[in-house]
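Undergrad: Predicted model and sequence follow; I will ask about them next.
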Amino acid sequence: MKRVLIVLLAVGLLATPVWGRDYEEKGPIKIGAIFAVTGPASFLGAPEQKTVEMLVDKINAEGGVLGRRIQLVLKDSGASPEKAVSFAKTLIDEDNVLAIIGPSTSGETMQIKQLCEENKMLLVSCAAAEVIVNPVAKYVFKTPQKDSQAITWIFNTMKDMGITKIAVLSSNAGFGAAGKKQLETMAPEAGIEILSNEVYDKRATDLTDILTKVKSTAGVQAVVNWSIVPAQSIVAKNMKQIGLDVPLFQSHGFGNPKYVEQAGVAAEGTLFPAGRLLVVDELPDKHPQKALLAEYKTNYEAKHNEDVSTFGGHAYDALMVVIEGIKKADSLNRDKVRDAIERIKGLPGTAGVYDFSPEDHTGLDLSAFEMLTVKDGKFTIYKK
Amino acid sequence: MVDASLILQYFLSGITKGSIYAVVAIGFNLIYSATGVLNFAQGEFVMLGGMVAVTLCLFVPLPVAVFVAVIVVALVGCALEIVFFRKLRHHSILHMIIITIGLSIVIQEVALHLWDEKVRSLPYFTGNEISSVRFFGAAVSPQVLWVLGTVTVMVVLLHLFLRYTARGRAMRACSSNAEAAMLAGINISNMRTLSFGLSAALGGLAGCVISPITMTHYEMGAPLAIKGFAAAILGGLGNPTAAVAGGLLIGVAEAFSVSQLPAAYSDVTTFILFLLALFIRPHGLFGSPSGEDVREV
Amino acid sequence: MKRLIPVIAFAALAVAAQVVSFAVGKEFCLTQLTMAVYYAIVVMGLCLLMGFAGQVSLGHGAFFAIGGYTSAVLTTSDFSRFEDSAWIAALKRAHVLYLKADLYGGEVLAATPWAAFLAAMAMTFFIACLIGYPALRLKGHYLAMATLGFGLIVYKMVLGSSITGSADGITGVPEWKLFFGLTVSGKSALRVQNYYIACAVALLLLVLLMNLVQSRVGRALQAIHDRETAAGAIGINTARYKLSAFVLSALIAAAAGVFLTHYNGGIGPSEASTLKSVRYVALAAAGGMGNPWGAALVSTIINFLSLRGWFGSYDNAVFGAALIVIISLAPQGPLKPLGLLIRRIIGGIRAPKRGGHATP
């Protein structure tokens, strides 16, 4: 009996008629999404998926775009670049989507950048690396702020504090590597000297050895850590545990209140640049982003019973950019939408206010960030 | 002038990591000794212990949560053995190893869907995130002392169990000669279940005690398992104390590698040393060349 | 003649898959099928090692990565900095290096894909010998751990080095012009062509393995697998045969790596990860250890479905569960039961004219 089952399974799988939908003129607007919902980048992909689904439901409930519903075609890449490539091809060839949102990580985005450009598929990535939009590919955009902008904020704050010599720690994942490269490139111009520069495994369980090395390096006035959880919390804790008492700067990957919880008391005083989503309550009412951020935060937290994070916001912005492009172009023609996106000015998003152009496919400048710190276990805007 | 407190700090750092590897290695070593199976799911027992304890901590005090978590994971271990190894007849050890690979993957996915992808941790058993204990100018988190203490207790209890109790002796008999043990009337199947359950319990306890240091998340099992295996094999399979020694050695080697080379290559250095040790002395630093390598795959 | 039956069946199945996919309007499935076939090639090479030589390698993803990365780095690096050197000029004349246009309008002096392929094979050969020689003297679990350690070293190295693109890997790998006008490329227009290229490579490998198995070498390997000491006693140079099997399976994995890298246009460090290596082993075992046909079938089906996203977020769980199920119920692989079933069906339709057939 077992053998029959195995055979039937094999035959069935080979011959299954898969239902495909052709792109119909009057049908829903198909927008593809590739997120790393499970796997090592799930802290990015999971909130991104939840955000986008929530937003699509809301938009459809309000009548859709150009009178049509939005249909989301979502694929879980598990942060695997091969799957990202495979799904990108599927979304381009089979589902014939209008645009692709995501992927969640820079590594995946880079693997499909050329593919999308060659196939003239509109791609709005939720990953942060500079190289995604530099050199500019006509059809490829991204919504997160640039690493270089985050670093400018960090260096400016350091100058205010009189810090000129630092140690840099980064994880060996894509995000960490990108940050490290930017820090190295921008430090000389900012007058900052990197005395110690170490890379650790993203799943490291303890970093006291690296921090000991930093501690033994004379003259280090601050530590910059570029990674995501759990390493962010581990660095904060280990620093205090071995008595390395210098200011700790984190990347904008620190953008989730849960990370503060995990580092506990050790997180007090951490400085990091982030989008204003995390401190929406402190914004003046007239701030262009306030209404949108407050609404997103309230809805997300009510629906999913978890803290809102800046990562989900990137997907929010990506979808809004595509929809705004559709509205401005008043068309579902991909090229027209693409052109329209490049003309978007002053669109408020979760990460900042977007101004695109043919040369700027990120749309955000320095003002998208705010320098935040942790006080009494909460995020608050850093005041000098 | 070399700074003694600096060296001590690196050493303590190595002990921190090493104790984590050691505590995983003990459980792995036990199953291997008793059944000859390389249990790739050992890391998942560690993960489950931590996850269950964190959830329970919301409702009961910490010690109770840990205790219950260990029991739960032990039962899971027994259940896995009964369902996948006892009921189904397997042709070779390799097949059983592959089953554990499949199990580790499935358990990870189940954990992901039961708990979600977030990172969590148990509170520190004593002190908090920034407390530290100082020795001669070097500092270490009190939780590390807890881990070392747990490791020591595990080794001692295991030793007593294997040597002085009937069941323990039976387990040792199974590991050195299964056929003879069977002829002597020992129930091999039960012994195997017991070894899985016990290993799982050790893993679960490990998961609880290392949680504040490493943070607990659904993917933490695999890298720990690999380092744990390496530790057990480096020490010499079949000997729990050797497994611990192996773990500590790997941890300290990593820490000192960081002190001299870029940290990015610390794992590379560790594994190169591991390979060299394997090529030169395959039965482990403290193991004896007798029966271990005759096992056929 | 009998031996050709599996070959013909395989070829027929490949053609059938393509025809069916066109018939139901799902020809894009060929993309994922092509990728799955390349992964299956790695698994088949592993079958040679595990099934016949009886050696476990938990680090075979590393060889796939060595092949793929070597090719990727050579075909995307710019050697024009060394343009003045005599070496480079000579390589240029020999068509090993050539000027190619990059994505943004510039020009880059890179290696030709064929040259890169040969370099990748050479690199793999060298490394496989280096690691294989001491590793294969270990037994059983120790060998498994040594290969695991090796895989980890390679993974950490490609992850940590900027020349391999660190965590992001390498992108922009060009197409590879084979012969007879065939090109290994990811372009949709060449999809069918590439599908058949992959199947042809796989088929070639299967024929090679089949011949190997029947030959003296194959029998020697079988003997080593069954009873190594006895094999040594009757004069078989066990060390040399095991090493040969190891190196050959490594080269097969590396070749698959090169092909797939050109097909995808890039490669990332995840290809060298332990998870991938473990998956290869699991698929080889699930297909039936000494059975490259079974391995090819199981591996292709499961990888295809995974790449199509059929399992959604449960991808790993399904993989793990399928693995457990197949190993538990059909540890020799599903092909024997399949074959028996087909024979029973055929036997039931036609009255048997001859006596019982020998089982393959």
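TA: On my side now, so go ahead. Residues are numbered from 1 along each chain as shown, chains lettered A, B, ... in the order given.
Undergrad: Skip ahead from the lowest-mean-pLDDT helix or strand in chain A and say which helix or strand is next.
TA: One helix or strand of chain A scores below all others by mean pLDDT, DSSP states H and E: helix A:2-15, with a mean of 54. Sequence order places strand A:29-35 as the next helix or strand after helix A:2-15, per DSSP states H and E.
Undergrad: what's that following strand packed up against?
TA: If contacts are counted by 3 or more Cβ pairs under 8 Å, 6 or more residues apart in numbering or on different chains; DSSP states H and E, strand A:29-35 sits against helix A:42-61, strand A:70-76, helix A:81-89, strand A:99-101, helix A:310-329. Every residue, glycine included, has its C-beta placed from N, CA and C.
Undergrad: 6 Å instead, please
TA: The contact analysis (3 or more Cβ pairs under 6 Å, 6 or more residues apart in numbering or on different chains; DSSP states H and E) places strand A:29-35 against helix A:42-61, strand A:70-76, strand A:99-101.
Undergrad: Which among these is found nearest to B:Gly235?
TA: Nearest to B:Gly235 among the helices and strands packed on strand A:29-35 is helix A:42-61; the distance by Cβ to Cβ comes to 34.6 Å.
Undergrad: picking that back up, so of the helices and strands packed on strand A:29-35, which one's packed in deepest?
TA: The highest mean neighbour count among the helices and strands packed on strand A:29-35, using mean count of other Cβ atoms under 10 Å in any protein chain shown, belongs to strand A:99-101: a mean of 28.
Undergrad: what about the helix or strand that comes right after that one and chain C, touching?
TA: Using DSSP H and E, the helix or strand that follows strand A:99-101 in sequence is helix A:106-118. Yes: under the criterion of Cβ under 6 Å from any Cβ of the partner chain, helix A:106-118 makes contact with chain C via A:Ser106, A:Gly107, A:Met110, A:Gln111.
Undergrad: now helix A:106-118 against strand A:29-35, angle please.
TA: If you take axes from the mean of the first three to the mean of the last three Cα atoms, to 10 degrees, helix A:106-118 sits at 150 degrees to strand A:29-35.
Undergrad: how's chain A carved up into domains?
TA: Following automatic domain parsing, one gets these domains for chain A: A:29-145+A:294-360, A:147-274.
Undergrad: Adding mean pLDDT and distance to B:Gln9, write these out as TSV.
TA: As requested, the domains of chain A are arranged in TSV below (pLDDT from 0 to 100; distance: least, Cβ to Cβ, whole Å):
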stretch	mean pLDDT	distance to B:Gln9
domain A:29-145+A:294-360	90	31
domain A:147-274	89	5
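Undergrad: Can I get stretch C:276-296 as CSV, trimmed to CA atoms?
TA: Provided in CSV are the C-alpha atoms of stretch C:276-296 (Å, rounded to 0.1, in the frame of the first residue of the first chain):
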residue,chain,number,x,y,z
LYS,C,276,22.6,22.5,1.6
SER,C,277,25.2,19.8,2.0
VAL,C,278,23.0,17.9,4.4
ARG,C,279,20.1,18.2,1.9
TYR,C,280,22.2,16.6,-0.8
VAL,C,281,23.1,13.7,1.5
ALA,C,282,19.6,13.2,2.5
LEU,C,283,18.3,13.2,-1.1
ALA,C,284,21.0,10.7,-2.1
ALA,C,285,20.0,8.4,0.7
ALA,C,286,16.3,8.9,0.0
GLY,C,287,16.7,8.0,-3.6
GLY,C,288,18.4,4.8,-2.7
MET,C,289,22.0,5.0,-1.9
GLY,C,290,23.6,3.2,-4.8
ASN,C,291,20.9,4.2,-7.1
PRO,C,292,21.6,7.3,-9.2
TRP,C,293,18.2,7.0,-11.0
GLY,C,294,16.3,7.0,-7.8
ALA,C,295,18.4,9.8,-6.5
ALA,C,296,17.9,11.9,-9.7
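Undergrad: Looking at the helices and strands packed on strand A:29-35, which is nearest to chain C?
TA: Comparison of the helices and strands packed on strand A:29-35 against chain C by Cβ to the nearest Cβ identifies strand A:70-76 as nearest, at 4.9 Å.
Undergrad: Using neighbour counts, pick out the buried residues of stretch C:56-67.
TA: Neighbour counts over stretch C:56-67 (16 or more other Cβ atoms under 10 Å in any protein chain shown) mark C:Val56, C:Ser57, C:Leu58, C:Gly59, C:His60, C:Gly61, C:Ala62, C:Phe63, C:Phe64, C:Ala65, C:Ile66, C:Gly67 as buried.
Undergrad: meant to ask about stretch B:253-264, not that
TA: Within stretch B:253-264, the residues that qualify as buried are B:Ala253, B:Glu254, B:Ala255, B:Phe256, B:Ser257, B:Val258, B:Ser259, B:Pro262, B:Ala263, B:Ala264, counting by 16+ other Cβ under 10 Å.
Undergrad: Need the contact partners of that stretch.
TA: The contact list for stretch B:253-264, computed with Cβ atoms under 6 Å, 6 or more residues apart in numbering or on different chains, reads A:198-200, A:209-210, A:213, B:10, B:13-14, B:17, B:266, B:269-270, C:160.
Undergrad: Over to stretch C:156-171?
TA: For stretch C:156-171, contacts defined as Cβ under 6 Å, 6+ apart pick out A:106-107, A:110-111, A:172-174, A:177, B:264, B:267-268, C:69, C:72, C:76, C:266-269, C:272.
Undergrad: Then stretch B:131-145?
TA: Residues outside stretch B:131-145 that contact it (Cβ under 6 Å, 6+ apart) are A:241-243, B:5, B:8-9, B:12, B:16, B:124, B:126-127, B:212-213.
Undergrad: from those residues, which has minimum pLDDT?
TA: Lowest pLDDT within those is found at B:Gly127 (82).
Undergrad: Check the buried residues of stretch C:56-67 against B:His283 and report the nearest one.
TA: Using Cβ to Cβ, the shortest approach to B:His283 within these belongs to C:Val56, at 18.2 Å.
Undergrad: pLDDT score assigned to the closest residue to that closest one other than its chain neighbours?
TA: Spatial nearest neighbour of C:Val56, excluding adjacent residues (Cβ to Cβ, 6 or more residues apart in numbering or on different chains): C:Ala144 at 4.5 Å. At C:Ala144, the pLDDT value in this model is 79.
Undergrad: just the one 10 residues further on next, same as before
TA: Taken from the predicted model, the pLDDT recorded for C:Val154 is 93.
Undergrad: and the nearest residue to it once chain neighbours are set aside, what does it touch?
TA: Among residues not flanking C:Val154 along the chain, C:Ala62 sits closest, at 3.8 Å (Cβ to Cβ, 6+ apart). The neighbours of C:Ala62, taking Cβ under 6 Å, 6+ apart as the test, are C:Gly151, C:Val154, C:Ala272.
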